[in-house]
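**Q** here is a sequence with its predicted model. Questions after.
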Amino acid sequence: MIEIDGALGEGGGQVLRSALSLSIITGKAFRINNIRARRSKTGLMAQHLKAVDASAAISRANVQGAVLGSSSLLFEPGEIRTGRYKFEIGTAGSTSLVLQTILLPLSLAGSASTVIISGGTHVPSSPSYHYLDINWRPMMQSAGYDFQLSLDQAGFYPQGGGRITATIRPIHRVAPLQVERRGELLRLIGISAVANLDRSIADRQKRQATGRLLRHFPSLLIKTISLPAQNKGTFLLLAAEFASGGGAHPARCCFCALGELGKPAERVADEAVDSFITFLQSGGAIDHHLADQLLLPLALASGPSILSSARITQHLLTNAEVIRYFLPVEIDIFGVLGEPGTIRIVPIPDR
């Protein structure tokens with residue numbers, strides 16, 4: 001039984017989610033206490049509880065403590081079971097984070113699965129659906145993971161009501177990634193989107209972003225779209241792909257800024273543009289969110305991976321600690337917290 005203190009590092013929900021994924025993959029049971037101890041609202045919220053429920057469903061797990069507000073959980077996984085699953089968070093909790101919890105175990109199973117998750121698709125403090133599809137999925141596919149995503153309906157905070165579908169196919173090998181340096185810019189694209197709002201808001205977001213970026217990046221292309229949704233929402237996303245700069249794989253980044261009541265469209269655009277400019281100034285090859293999200297998938301690779309991140313975060317350091325509980329892997333993180341750095345991931349073969 002692996003014992004985990006949920007107050008470890010940044011003390012958020014990622015400790016639980018990574019532990020769930022790793023427990024199913026390795027077959028090792030764990031007990032976690034002090035769940036989300038460093039958050040203003042501690043314990044299991046609806047989104048985290050649904051990640052537990054989903055993990056239990058795909059692994060026939062024995063679970064104790066899976067109730068709203070619980071600060072401790074026991075999870076004993078069984079055999080991974082593929083199939084067709086539907087999970088409803090019931091709030092604007094992140095569909096992306098629930099999906100990321102179960103995608104790796106299902107990828108390592110013997111047959112394909114379809115997963116439908118309802119909840120928030122574009123909500124604060126989590127990767128939006130479009131971030132996953134445009135930035136995370138291509139890098140995962142470079143490592144050999146095989147899945148497709150579709151947005152059935154957008155869901156914004158605070159109502160949620162969105163729905164995503166993932167088709168996950170089995171893989172037999174995870175390839176390492178080397179993303180060490182950023183070369184010349186190959187492509188810069190954007191999406192300015194609204195749901196149940198006047199299209200002029202998307203136009204204003206696009207105009208603000210292009211006004212700041214187009215003279216420096218004349219190839220910039222931002223499209224405006226209206227998304228099907230039950231409630232109102234808006235966002236602007238910028239995604240860039242760069243030459244590898246000598247590494248084996250291209251560098252990339254993605255930033256998504258969300259609208260909210262009383263927030264001008266221009267400020268939404270400015271947030272995304274500012275994040276992109278900060279990334280360019282960092283010298284990193286991938287954005288810090290992507291570095292964190294690739295850490296666990298690459299810990300399962302057949303060889304060493306190297307990632308150059310625009311920023312070393314406490315989230316990344318915490319994730320590395322959780323991975324070391326379950327896997328024989330060396331994770332070396334070079335750099336100062338809050339500054340650019342390099343991550344080296346070396347899986348240790350079974351002896």
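**A** In hand now; what should we look at?
**Q** isn't Ile32 up against Ala19?
**A** Yes: contact criterion Cβ atoms under 8 Å: Ile32 and Ala19 qualify, at 6.1 Å. Quick note: C-beta positions are derived from backbone N, CA and C, even for glycine.
**Q** which element is Ile345 on?
**A** strand 341-347 (DSSP states H and E).
**Q** could you do Ile201 as well?
**A** helix 199-213.
**Q** now the element after that helix, going C-ward?
**A** Counting by DSSP H and E, the element after helix 199-213 in chain order, helix or strand, is strand 221-226.
**Q** how close does the closest residue to Gly161 other than its chain neighbours sit to His122?
**A** Once flanking residues are discounted, Gly161 sits nearest to Gln230: 3.7 Å by Cβ to Cβ, 6 or more residues apart in numbering. Going from Gln230 to His122 by Cβ to Cβ, to the nearest Å gives 13 Å.
**Q** can I get the helix holding Ile201 in CSV, CA atoms only?
**A** Provided in CSV are the C-alpha atoms of helix 199-213 (Å, rounded to 0.1, in the frame of the first residue of the first chain):
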residue,chain,number,x,y,z
ARG,A,199,-20.3,37.5,-32.9
SER,A,200,-18.9,41.0,-32.6
ILE,A,201,-17.3,40.0,-29.3
ALA,A,202,-15.2,37.4,-31.1
ASP,A,203,-14.4,40.0,-33.8
ARG,A,204,-13.2,42.4,-31.1
GLN,A,205,-11.0,39.7,-29.5
LYS,A,206,-9.5,38.9,-32.9
ARG,A,207,-8.9,42.6,-33.8
GLN,A,208,-7.1,43.2,-30.5
ALA,A,209,-4.8,40.2,-30.9
THR,A,210,-4.0,40.8,-34.5
GLY,A,211,-3.4,44.5,-33.8
ARG,A,212,-0.7,43.5,-31.4
LEU,A,213,0.9,40.5,-33.2
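**Q** can you check what angle separates that helix from strand 221-226?
**A** If you take axes from the mean of the first three to the mean of the last three Cα atoms, to 10 degrees, helix 199-213 sits at 160 degrees to strand 221-226.
**Q** I'd say Phe147 and Ala166 touch.
**A** Yes: using Cβ under 8 Å, Phe147 makes contact with Ala166 at a distance of 5.7 Å.
**Q** now do the shared contacts for the two.
**A** Leu103 (Cβ atoms under 8 Å, 6 or more residues apart in numbering).
**Q** give the rounded mean pLDDT of stretch 141-160.
**A** What stretch 141-160 shows for mean pLDDT is 96.
**Q** so what's the gap between it and the chain middle?
**A** Chain-centre distance of stretch 141-160: 10 Å, with Cα atoms, centre = their mean, to the nearest Å.
**Q** stretch 239-251 now?
**A** Counting by Cα atoms, centre = their mean, stretch 239-251 is centred 20 Å from the centre of its parent chain.
**Q** that stretch: end-to-end distance?
**A** One end of stretch 239-251 to the other measures 11 Å (Cα to Cα, to the nearest Å).
**Q** likewise for stretch 338-349?
**A** Rule used - Cα to Cα; the end-to-end distance of stretch 338-349 is 32 Å.
**Q** Ala251: what's it in contact with?
**A** Val179, Arg181, Arg182, Gly183, Glu241, Phe242, Ala243, Ser244, Gly245, Ala285, Ile286, Ser308.
**Q** can you list the residue ranges for strands in the stretch 201-350 of the chain?
**A** For the stretch 201-350 of the chain, the strands defined by DSSP state E, counting those that start in this stretch cover 221-226, 233-242, 251-258, 305-309, 329-335, 341-347.
**Q** got it, and the stretch 1-150 of the chain?
**A** Counting by DSSP E, counting those that start in this stretch, the strands of the stretch 1-150 of the chain are 2-5, 30-33, 62-64, 73-76, 84-88, 113-119, 146-153.
**Q** circling back: please identify the buried residues of the strand holding Ile345?
**A** Gly341, Thr342, Ile343, Ile345, Val346, Pro347 (16 or more other Cβ atoms under 10 Å).
**Q** the fourth one pairs with what?
**A** What that stands for is Ile345. Judged by DSSP bridges, the bridge partners of Ile345 are Ser305, Ile331.
**Q** can you count the residues close to the nearest residue to Asn62 once chain neighbours are set aside?
**A** Computed as Cβ to Cβ, 6+ apart, the closest residue to Asn62 that is not its neighbour in sequence is Glu76, at 4.2 Å. Glu76: 18 surrounding residues under other Cβ atoms under 10 Å.
**Q** what separation do you get for Glu76 and Leu103?
**A** Going from Glu76 to Leu103 by Cβ to Cβ gives 21 Å.
**Q** where does the protein have low pLDDT?
**A** The chain contains residues with pLDDT under 70 at 246-247, 350-351.
**Q** again, only using 90
**A** 7-12, 37-42, 110, 244-249, 348-351 (pLDDT under 90).
**Q** walk me through the domains of it.
**A** 1-80, 82-172, 174-180+285-351, 192-276 (automatic domain parsing).
**Q** now do the contacts for Ala257.
**A** Phe235, Leu236, Leu237, Val268, Ala269, Asp270, Glu271, Ala272, Ser275.
**Q** quick one: residues contacting Gln100.
**A** Arg17, Ser21, Pro127, Leu132, Gln293.
**Q** how about a markdown table for the strands of the stretch 201-350 of the chain, with distance to Pro138 added?
**A** Output for those, formatted as a markdown table (distance: least, Cβ to Cβ, whole Å):
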| stretch | distance to Pro138 |
| --- | --- |
| strand 221-226 | 17 |
| strand 233-242 | 8 |
| strand 251-258 | 7 |
| strand 305-309 | 15 |
| strand 329-335 | 23 |
| strand 341-347 | 19 |
